[in-house]
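J.: could you look at this predicted model? Sequence included:
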Amino acid sequence: MVAIDKVIAPESSFSHNMLTFEALFLLGACSLLLLGNQTQLVKNLAMVFSGIVLEALPFMLLGSVAGGLIEVYVSQERLIARLPKRRWLVVFAAAALGIVCPVCECAVVPVVRRLLGKGIPFPAAVAFLLGAPLVNPIVGASTAVAYSYSGSVALIRLSLGYVIAVAAGLAMGWLFPEGSALISRKFAPHQHKHDCGCGCDHSDTDHLAAHPGRQGIMNAFRHASADFLEVGHFLVLGAFIAALAQTVIARQSLAHFGRSPLSAIALMMLLAVGLNICSQADAFIAASFRNVLPFSAQMAFMLLGPMLDLKLIFMYTGIFRRKAIVMFAIVIAMMVFLSVCGVQIMLPAGPR
Amino acid sequence: MKPTPFSDRRGLFAAVYLAWWITLLSFVISGEYCNFIQPSFVVFLWLALAILLVFAVAEVMQLGSAKAGVRDVVRGGFLMLPLFALWLAYGQTLDSQAYLKRAVTLGQRAGRSGEGPIHSRNAIASRTNSKSEPLQVTILDILENPKDFEGKWVETEGIALREETMRKDKSMRKEAIVPGDFVLFRFSIICCVADSQPLGLLVEGVNQKNLVDNDSAGVKVVVASVEIMQRQEV
């Protein structure tokens, strides 16, 4: 049997400091839930936290299964051979993949981990990671419904999301060449092959794809389970912090920041990171600020949330190095900010 | 010391998956999941149940391959944390504390239109001689179609939030609170409780002596439009 943990476990993701932090966090969270369970605040915290995890869980599991199937049944060599020779074209295509393959932000992370392992170029993986949860028909429809069946709001959201996904993919590829942003060497592109030792003509990474029948579907589930365990605890960590933010921060008190468009945009970007709302539902939250904050600020919330929120930041640590995550966050935030500033200049009152 | 299934890495994670499976199954069968997520999501929960079971089997099949370390215990603990929260929140719903934190306007209507508060005048006294029965509606019905209900006598239910509690809340803009008013609210879940929208009706002219926060309350009211904070609302 293939040693799955050795294959997929990132070498540097679980440092001693991180382990200590996680242990302390777990202890603190348990104490808070246990000691404060008679207070309204903690009851609501428990509800919101459970709700976020319960909603994300099926999609995380599905994403993990998809990742496991990719690992076992998709041949790295065949996949790379089918990619266009012009790599930038892959980035443009990857950012729009959500149109035919709509995945939410929770499901996309395990899939991207496996695709990177199969040799998908890093910029394309970033474009897919950012584009798929945003540029898809479900998000388009929910945005249109939230804004009183306004197709133009949905169109603006999806178009800007696509442009940002492509631009961020290209920028990250330029900033971190040769997969230097990735935590595992397995994810980084190889110029040479390792023999798997089975006697056939394929590399070690393609062994399972070449002989899927030998261990069958169960092997895919073992990989999927390992992926889920790797990323799942980051989901829990992010969901707890987001639930805490939702329970403690009063949205009405934030409305005071809406007096200037710039502060409103900054505020909604912070809210997008802090609230962790699913991309299929966030338009309804954004629309509830219609009479309070400018349209550009609502758009900032809808663009940034599916790309960068607390749970995603923690989940990204299963793929990217810390330095790359910081840069990733800066690149995305800057691009969202610039896009919505453009929206503010061109459509200060929103589309008619 | 004799090794237990939990000292085995695979045994530990299999136990975590099974704990999730049992909890999820009980929440689905009892219908309790509806308090946390949109009822139509039950299909995904059944799917999750199937996958969790397969994952548990996959882990059991690898029993004995590795011992559980501190890292595995912490990771297992993290995955158990939502279960702990789920059981703590069993039978609960979001209450007035959540309403006050989420409502952007005092009687916030559904995010779909993003318009402001709806004001309802209690009209029980003036309607005592009326032979017609009030329309049975939900708060969402009124907020979604305010013009259809304006001036109509309706009966609706929700959770009570007293004027006194609103005044005590630091984030609440006091100029929006009219003496004698209370808010009848509910939450509308879009996907999960994290994105649930507060739906509030301001109700005036009711004796609030016997009203307790977070109690369910029913009102018979005439829907009317009023001006709140210089804005003409429905």
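T.: Great, that's in hand. Numbering: from 1, shown residues only, chains lettered A, B, ... in the order given.
J.: ok, so what distance separates the residue of the stretch 101-250 of chain A found nearest chain B from A:H256?
T.: Across the stretch 101-250 of chain A, the shortest distance to chain B (CB to the nearest CB) belongs to A:A250, at 3.3 Å. All C-beta atoms are positioned from the backbone trio N, CA, C, and that covers glycine. In this view, A:A250 and A:H256 are 11 Å apart by CB to CB, to the nearest Å.
J.: same question, A:V292
T.: Taking CB to CB, one finds A:V292 at 10 Å from A:H256.
J.: those two: who's more crowded?
T.: A:V292 (20 against 11; other CB atoms under 10 Å in any protein chain shown).
J.: phi first, then psi, for the most centrally placed residue in chain B.
T.: For chain B, the residue sitting closest to the mean C-alpha position, by CA atoms, centre = their mean, is B:L94 at 4.3 Å. Phi and psi for B:L94, reported as degrees, to the nearest 10, are phi -60, psi 140.
J.: nearest residue to it other than its sequence neighbours?
T.: In space, and not counting its chain neighbours, B:L94 is closest to B:F187: 5.3 Å by CB to CB, 6 or more residues apart in numbering or on different chains.
J.: need the pLDDT of the closest residue to A:S339 other than its chain neighbours.
T.: In this structure, A:S339 finds its nearest non-sequential neighbour in A:L160, 4.9 Å apart by CB to CB, 6+ apart. Per-residue confidence (pLDDT) for A:L160: 96.
J.: number of nearby residues for A:L160?
T.: So A:L160, with other CB under 10 Å, has 22 neighbours.
J.: so which helix or strand takes in it?
T.: Counting by DSSP states H and E, the element that carries A:L160 is helix A:151-175.
J.: kindly report the same for A:L262.
T.: Per DSSP H and E: A:L262 is located in helix A:261-275.
J.: quick one: buried residues of that helix?
T.: Buried positions in helix A:261-275, judged by neighbour count with 16 or more other CB atoms under 10 Å in any protein chain shown: A:261, A:264-275.
J.: can you tell me which residues contact residue 33?
T.: As the question left the chain open, I've gone with chain A. Under the criterion of CB atoms under 8 Å, 6 or more residues apart in numbering or on different chains, the contact list for A:L33 reads A:42, A:45-46, B:84-85, B:88.
J.: my bad, chain B
T.: Taking CB under 8 Å, 6+ apart, we find B:Y33 in contact with A:54, B:27, B:39, B:41-42, B:45.
J.: could you list the buried residues of the helix or strand hosting A:N219?
T.: Using DSSP H and E, A:N219 falls within helix A:212-248. Residues A:212, A:218-247 are the ones in helix A:212-248 that count as buried (16+ other CB under 10 Å).
J.: could you look up the SS state of B:L184?
T.: Look at B:L184: counting by DSSP: H, G, I helix; E, B strand; the rest coil, its state is strand.
J.: next: B:V43.
T.: Secondary structure state of B:V43, per three-state DSSP, is helix.
J.: which residues are in contact with it?
T.: B:V43 neighbours (CB under 8 Å, 6+ apart): none.
J.: low pLDDT regions in the chain?
T.: No chain was given, so I picked chain A. Residue ranges of chain A with pLDDT under 70: A:1-15, A:76, A:184-216, A:255, A:291, A:352.
J.: not what I meant, chain B
T.: Scanning chain B for pLDDT under 70 picks out the ranges B:1-6, B:104-132, B:170-179, B:205-209, B:225-234.
J.: which parts of it are strands?
T.: B:118-122, B:135-136, B:153-161, B:182-188, B:197-204, B:216-224, B:227-228, B:231-232 (DSSP state E).
J.: check chain A too.
T.: Using DSSP E, no strands are found in chain A.
J.: look up the closest residue to the residue nearest in space to the middle of it, ignoring the ones flanking it.
T.: Residue closest to the average C-alpha location in chain A (CA atoms, centre = their mean): A:E105, at 4.4 Å. With CB to CB, 6+ apart as the criterion, A:E105 has its nearest non-adjacent residue at 4.0 Å, and that residue is A:P133.
J.: I appreciate the help and will end here.
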